[in-house]
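J.: this one's structure only:
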C-alpha cells in the first residue's frame, strides 16, 4: 500500500475527506510583511543553535516548530512524524499485541477516550475518562503519547499493570491486564429475541458494505425479516467519512446524509442517499454514548433527522469537524482540520453532539451516575459551535428518569448484562418504549 493512501485510511479518530498535496513553493509567495512576522521564529532558531547547552539537529528544531504551530490549533490537528505514521500503519494494516484502548493526552496525562468492545481493556473495566498515570509502576505523566502507547503494546499473553485515576473515586487503583492480539472487526452481528444487532466499532474500509451484508445474514439466520435492528455505535470513535455515508445509505432511500463546509470551495460538499433502502423499512434503533464520535455522529444524525431510526442512549461526543491529510514527504504529513460537518437538518454537532430521542442510562454499569463523561467540549482548544453554547448545551447525564429505576440486584435477577441493549431489544419487540418494573408500579 502506498504511504499516503495509508495515512488517509488510518484516521481512526477523525473524519478523513482527502489527501491534499502541500505546496512547498507557497513560501515564495509570502508577502514581505508576513516574512517579518516569522523573524522571531528564525531569531529563536539561531539562538538555540548557538547557545543551547548541547548541539541540536536542525530536523529536531524544525519538527518541534511545526508541532508547536499545529498544537496551538484545535486538538485534532497535528504533525505526523515518522513514528506517528508508523503507528497509524500498524493500526490500519495489521494485528498487534495490545490492550484495545483509544487514548489521548490531556495536561501531559494519558486519558482514555474509550476501550474497543470485547478487548482486554474493555473486559478489565477500563472506562472512558480514566487517567492512566503509571505503567508497571513507571510514571508516564509528561511522557510522549507514542511512547506510552508503545509500552502498552507487547507480546500477547504478557501482563501489564495500569495505575488509574477515576473521578468519583477517592484513591487511584491498579488494573492488571493480559495483552492479546487486537484484531478489530469493524462490523459484527448477532440475533437476540428476533432482533438483529449490528455492532460497528469503527469506520474503516468496507464498513458500509459489511453492514449491508450483516442485514442479509440476520435475515438468513431468521428465515425472514427481524422485528427490528439495533445499530450499536457506542464507544465508536469514528473513521472514514465515505464509510459513514455508505452505512447511512443502507437505511435511507433519499435525501441529504451529511454536508460539510470549509473555507475553500473544494472543502465544501453535500452527500446524499441513493434510491433504495436495503433494510426495506425494518424498524431501527441506534445506540450511542459519550464515546460515539465523528463518523458515528454522522450516521446517528442522518437516521435521526430523516426519522428512519430512534436514537437511544447518552449524548454523543460532539466532534463535528473534518480532518484532511496533507502529505509533506513519503513518511510525514499534516492532519489538519479543514471543515465542519452538518446533519441533514443543518445542525452542527460540534461541542453539543447528538442528543438521543430517548435518554437511556447504562444501569448495568455500577458507576454510571458518578463516572464523568469525556467529550469534545472538555478538550482544550476545541472548536466552538458556530451557533453558540446554547445550541451546544449538554444534557444532564445524571438526571434521574422514573422509567429507569431497576437496581443492580433486579438486573442480575433478570440476567441483564447490558441494560441499554436490553431496553432497545424490548422496545423493538413491543413496538414502543417500555417501562421498567419499578416504574410500572408508579414509584
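T.: Received it, and whenever you're ready, just let me know what you need. These numbers come from a predicted model, not from an experiment.

J.: what about the longest helix in the protein?
T.: Ranked by residue count and defined by DSSP state H, the top helix of the chain is helix 207-222.

J.: how many degrees apart are the next helix or strand after that helix and helix 207-222 in direction?
T.: Downstream of helix 207-222, the first helix or strand assigned by DSSP states H and E is strand 228-232. For strand 228-232 against helix 207-222, the angle by axes from the mean of the first three to the mean of the last three CA atoms, to 10 degrees is 140 degrees.

J.: Helices of the stretch 151-300 of the chain, start to end?
T.: Along the stretch 151-300 of the chain, counting by DSSP state H, counting those that start in this stretch, helices occupy 207-222, 241-251, 295-305.

J.: deepest of those helices, which one?
T.: Comparing the helices of the stretch 151-300 of the chain by mean neighbour count (mean count of other CB atoms under 10 Å), helix 295-305 comes out on top with a mean of 28. Where C-beta positions appear, they are placed from N, C-alpha and C, glycine not excepted.

J.: Just list what that helix packs against, helices and strands only.
T.: helix 241-251, strand 256-262, strand 284-288, strand 310-313 (3 or more CB pairs under 8 Å, 6 or more residues apart in numbering; DSSP states H and E).

J.: Would you mind measuring from the spatially most central residue of the chain to residue 100?
T.: Nearest residue to the geometric centre of the chain (CA atoms, centre = their mean): residue 237, 1.4 Å. Residue 237 is 12 Å from residue 100, where distance means CB to CB, to the nearest Å.

J.: now do residue 351
T.: Per CB to CB, residue 351 is found 28 Å from residue 100.

J.: Just put the helices of the stretch 151-300 of the chain in JSON lines and tack on mean pLDDT.
T.: Output for those, formatted as JSON lines (pLDDT from 0 to 100):
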{"stretch": "helix 207-222", "mean pLDDT": "96"}
{"stretch": "helix 241-251", "mean pLDDT": "96"}
{"stretch": "helix 295-305", "mean pLDDT": "97"}
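
J.: between those helices, which gets nearest to residue 171?
T.: For the helices of the stretch 151-300 of the chain, proximity to residue 171 was assessed by CB to CB; helix 295-305 is nearest, at 33.5 Å.

J.: orientation of that closest one relative to helix 207-222 in degrees?
T.: 60 degrees.

J.: Off-centre distance for helix 295-305?
T.: Centroid separation for helix 295-305 versus its chain: 13 Å, with CA atoms, centre = their mean, to the nearest Å.

J.: hang on, the earlier thing: from the contact counts, what lies against the longest helix of the chain?
T.: strand 187-192, strand 195-200, strand 228-232, helix 241-251.

J.: and residue 79, backbone torsions?
T.: Note on residue 79: its backbone torsions stand at phi -90, psi 130 [degrees, to the nearest 10].

J.: wait, it sits on residue 66?
T.: Yes: counting by CB atoms under 8 Å, residue 79 does reach residue 66; the two are 4.7 Å apart.

J.: Comparing the two, which residue is more hemmed in?
T.: residue 79 (20 against 16; other CB atoms under 10 Å).

J.: where does the protein have low pLDDT?
T.: Residues of the chain meeting the criterion pLDDT under 70: 1-33, 83-96, 388-400, 434-443.

J.: let's go with 50 and repeat that
T.: Confidence mapping of the chain against pLDDT under 50 gives the ranges 1-27, 89-94, 391-392, 437-443.

J.: Scan it for its longest strand.
T.: Taking DSSP state E as the criterion, the chain has its longest strand at strand 333-342.

J.: Please identify the buried residues of that one?
T.: Residues of strand 333-342 classed as buried by neighbour count (16 or more other CB atoms under 10 Å): 333, 334, 335, 336, 337, 338, 339, 340, 341, 342.

J.: All set, thanks.
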